[in-house]
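Participant: requesting a structural model of the entry that follows:
(one chain, ligands or ions: 1)
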Amino acid sequence: MNNNKFPLSLPRLLVFLLILAPGFGLAQDNVVESDSHRFVEVADGVWLVTGTGSVYTMSNSMVLVGEFDTLVVDSHVTPAAARALLESIPVITDKPVRYLVNSHYHFDHAHGNQAFPDGVEIIGHEFTRAKLNGDIGNVLEENTFKSFSDGVPTLVANLERQVADATDPTRKAQLQETTRVQRDYMNAIQEVVPTPPSITLESEMTLFQVVANGSREIRLLHFGRAHTGGDVVIFLPQERVVFTGDMMLPGLAYMGDGHVDEWPASLEGLKALDFDMWLPGHGPVMRSKEPIATFQAYLRDLWEKTSQMHRRGVSWEQAAQQIDMTNHSGNYAQLTSPGVDPRAIRRIYQLLDD
Ligand SMILES: [Zn+2]
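Facilitator: Now for the predicted structure:
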């Protein structure tokens, strides 16, 4: 960890009320923006945080503001993205960050950890610590990080070529901005030093944050292996809000490190919680519980179909091309033809072989 302190100069502020937007329900949400981040207050002092696009963040965060301190959930994809988040938090509060919680160890949620100032405690599942601490392999060398990051230089080179070829000035300016953001991201990756949680939990932990009218109960819950070996959801029983990380997304989650066979049972734990709103690790505020059952059905079906291929001796590469999940296209519009992310199928084969 290094010693970045809050900067004295605040980013340019943009404060406005969001007029009824689909997906945000009937209440007017308080929305505040910095150059790099958009903060939506979904309950008193509970903010969903997304990137505006000027810095590549890749994932959502949540900020819980109390009387004396703030708690941040997830640190984005690079130290640079996390610094932009830390520099933006003063648009909603002057309370210092006391805790950072990692929903899971994946790079896009935890590679900003090192940017948090010394003294900020990082909390996560013990598996998250083992991963980020290098106890079970080097996360920078593993397939998940590499499969998402190795292509970035090529992407930047392609964008640079498109900028050079573009003739329409508006299009050229858009491409230049996209290229700048991706080039910054490419450079920012070089700085990453995986930084593990300093406080761990195995199945649950509860924090009480002092707020104006008493204390906010913050429950960190691990329901079993799912998207990774150490997913934690952050449940606020009084506000009836839960941050789900990537254990539950509006669409299909990445499965390359998943426990697809155990995931549906772990989701039962999430389903049993009393909440009106869930904040996913990627995507918008969600209100319906229905997608949970839909996703469970997909996972069970994928496990079954992949197991059949495995039993028949089909290679994982071929299985990834052949497995037909289009019977779920009513829920996931992208499933228009057979074929599944090969990283998911390779992972399921790995679990079946173990
Ligand atoms: Zn993830």
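Participant: alpha carbons only for contacts and neighbour counts from here, please
Facilitator: Will do.
Participant: give the buried residues for stretch 138-149.
Facilitator: The neighbour-count criterion (16 or more other CA atoms under 10 Å) identifies 139-140, 144 as the buried residues of stretch 138-149.
Participant: same question for stretch 146-166.
Facilitator: 152, 156, 159-160, 162-163.
Participant: looking at those, which is nearest Gly330?
Facilitator: Val152 (32.4 Å; CA to CA).
Participant: gap between that closest one and Ser203?
Facilitator: Remark: distance between Val152 and Ser203 (CA to CA, to the nearest Å) = 36 Å.
Participant: show me what contacts Pro153?
Facilitator: Counting by CA atoms under 8 Å, 6 or more residues apart in numbering, Pro153 touches 183, 186.
Participant: number the chain from 41, please
Facilitator: Done: numbering now begins at 41, and the last item shifts to Pro193.
Participant: that older thread, among the buried residues of stretch 186-206, which ones are in helices?
Facilitator: With helices taken from DSSP state H, the overlap with the buried residues of stretch 186-206 comprises 192, 196, 199-200, 202-203.
Participant: got CSV for the residues you listed, with pLDDT and distance to Arg256 too?
Facilitator: Below are these laid out as CSV (pLDDT from 0 to 100; distance: CA to CA, whole Å):
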residue, pLDDT, distance to Arg256
Val192, 97, 41
Val196, 97, 44
Leu199, 97, 46
Glu200, 97, 48
Gln202, 97, 50
Val203, 97, 49
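Participant: could you single out the nearest of these to Arg259?
Facilitator: When those are compared against Arg259 (criterion: CA to CA), the nearest one is Val192, at 36.5 Å.
Participant: assess the claim that that closest one and Met226 are in contact.
Facilitator: Yes. Shown here, Val192 and Met226 form a contact pair, counting by CA atoms under 8 Å, at 6.2 Å.
Participant: can you report phi and psi for the nearest residue to Asp286 once chain neighbours are set aside?
Facilitator: Nearest residue to Asp286, sequence neighbours excluded (CA to CA, 6 or more residues apart in numbering): Gly321, at 5.1 Å. For Gly321, the backbone dihedrals are phi -70, psi -20 (criterion: degrees, to the nearest 10).
Participant: Gly321 touches Gly291, doesn't it?
Facilitator: No. Counting by CA under 8 Å, Gly291 is not a contact partner of Gly321; they are 11.1 Å apart.
Participant: which one of the two has more residues nearby?
Facilitator: Gly321 (30 against 16; other CA atoms under 10 Å).
Participant: residue ranges for the helices of this protein, please.
Facilitator: Here the chain has its helices, by DSSP H, at 119-128, 147-150, 166-172, 183-189, 192-205, 209-229, 303-311, 330-351, 356-362, 382-393.
Participant: convert the C-alpha atoms of the last one to PDB, please.
Facilitator: So the one you mean is helix 382-393. Output in PDB follows, covering the C-alpha atoms of helix 382-393 (Å, rounded to 0.1, in the frame of the first residue of the first chain):
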ATOM      1  CA  PRO A 382     -14.700 -21.700 -23.600                       C
ATOM      2  CA  ARG A 383     -13.300 -20.400 -20.300                       C
ATOM      3  CA  ALA A 384     -16.500 -21.600 -18.600                       C
ATOM      4  CA  ILE A 385     -16.300 -25.000 -20.100                       C
ATOM      5  CA  ARG A 386     -12.600 -25.500 -19.500                       C
ATOM      6  CA  ARG A 387     -13.300 -24.600 -15.800                       C
ATOM      7  CA  ILE A 388     -16.200 -27.100 -15.600                       C
ATOM      8  CA  TYR A 389     -14.000 -29.800 -17.100                       C
ATOM      9  CA  GLN A 390     -11.400 -29.000 -14.500                       C
ATOM     10  CA  LEU A 391     -13.900 -29.400 -11.700                       C
ATOM     11  CA  LEU A 392     -15.100 -32.700 -13.200                       C
ATOM     12  CA  ASP A 393     -11.500 -34.000 -13.500                       C
END
